[in-house]
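Q: Below are the sequence and a predicted model; questions follow.
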Amino acid sequence: MLTLFISVPAMFIIGFILQRLFINCAMKRGAEPALLVTFGISVILKDWMLYQFTPDARHIATSYGNSTVSIAGLDISLLSIILLAVSIVLIFGLKLLLDRTDIGRAIRATADDPVAASLSGINVPRTLAVAMGIAAATAAVAGTCVSMKWTFYPTSGGSYLLIAFVVVVIGGLGNIKGTLIAGILFGFIQVLGGANYGLLISYIFLIVLLVLDPRTWINRMIPDKRDKGGAKHEA
């Protein structure tokens with residue numbers, strides 16, 4: 001966990017620079033060029049890691065990795081509890097950042113309408129770069145958690161990106177609390193399905209939720225205060 005004091009600031013700077021120098025320029029030509037740029041960057045990074053670190057499996061060992069805690073007669077991995085706590089703190093930290101800070105409100109305004117945000121005095125390119133930096137720093141925390149729990153390869157990013165995409169879709173785009181609930185549900189379903197069928201059952205669950213509109217039931221479980229305010233304003 002001490003590596004986070006190095007990796008998080010480093011990844012924030014890398015994300016900020018990539019967005020500022022490359023992705024912002026591509027976004028002027030539309031969403032598709034920006035998507036291709038990010039895809040190209042991911043391919044370059046993956047190939048560089050394969051060359052630099054070889055395709056061998058890696059794992060970060062910790063002194064408490066095999067420790068367990070007894071809760072209600074169940075032995076639960078101490079590492080799993082720590083990673084869950086880190087995830088919850090990170091999720092609610094991001095929620096507070098977006099809701100209670102000026103840069104968070106600027107990020108939300110830019111995401112809703114970049115033109116209107118620019119007209120209101122927000123530096124849109126800088127705000128996008130900060131948002132990318134925050135995303136990269138968050139990825140650094142996620143990568144550290146994954147590396148402490150499971151083995152990983154230079155090519156492992158794609159599978160975790162797919163899982164993250166599924167969780168965001170289930171929780172609803174822009175709904176941070178919903179993403180937390182969706183992540184817990186997705187992980188719980190994977191555990192029930194076991195090593196052989198966990199992912200299969202999870203993706204079937206995703207299809208069912210997409211048919212039922214996941215944002216509806218997530219918002220019922222955790223209503224968004226901004227939605228309430230918007231509803232009152234419209235009324």
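A: Sure, I can see it. Numbers count the residues shown, from 1 in each chain.
Q: This structure: helices as residue ranges?
A: Using DSSP state H, the helices assigned to the chain run over residues 4-18, 24-27, 31-53, 78-100, 102-112, 114-119, 124-149, 157-171, 176-212, 214-221, 225-234.
Q: residues of the fifth one that come out buried?
A: Taking 16 or more other C-beta atoms under 10 Å as the basis for neighbour counts, the residues of helix 102-112 that come out buried are 104, 106, 107, 108, 109, 110. Glycine gets a C-beta too; all of them are placed from N, C-alpha and C.
Q: ok, the first one - contacts?
A: In this structure, residue 104 makes contact with 96, 97, 98, judged by C-beta atoms under 8 Å, 6 or more residues apart in numbering.
Q: List just the nearest of those to residue 133.
A: Nearest to residue 133 among these: residue 97, at 12.0 Å, using C-beta to C-beta.
Q: need the contact list for that closest one.
A: Applying C-beta under 8 Å, 6+ apart to residue 97 gives the contacts 103, 104, 134.
Q: Now flag whichever of those residues is closest to residue 148.
A: Minimum distance to residue 148 across the contacts of residue 97 is 21.9 Å, recorded for residue 134 (C-beta to C-beta).
Q: Near that closest one, how many other residues are there?
A: Neighbour count for residue 134, taken as other C-beta atoms under 10 Å: 20.
Q: Can you tell me how far it is from residue 200?
A: Using C-beta to C-beta, to the nearest Å, residue 134 is found at 33 Å from residue 200.
Q: what's the answer for residue 140, then?
A: As defined by C-beta to C-beta, residue 140 lies at a distance of 30 Å from residue 200.
Q: quick one: which of the two has more around it?
A: Taking other C-beta under 10 Å, residue 140 and residue 200 do not tie; residue 140 has more neighbours (21 against 11).
Q: so how far is residue 9 from the more buried one?
A: Distance from residue 140 to residue 9, by C-beta to C-beta: 9 Å.
Q: for residue 159, same thing?
A: Using C-beta to C-beta, one gets 27 Å for the distance from residue 159 to residue 9.
Q: again, but for residue 138
A: From residue 138 to residue 9 the distance is 13 Å (C-beta to C-beta).
Q: Check residue 100 too.
A: 22 Å.
Q: More neighbours: which of these two?
A: More crowded of residue 100 and residue 9, by other C-beta under 10 Å: residue 9, with 13 against 9.
Q: Enumerate every residue touching the closest residue to that one other than its chain neighbours.
A: Leaving aside its chain neighbours, residue 9 sits nearest to residue 137 (7.5 Å; criterion: C-beta to C-beta, 6 or more residues apart in numbering). By C-beta under 8 Å, 6+ apart, the contact list for residue 137 reads 8, 9, 11, 12, 15.
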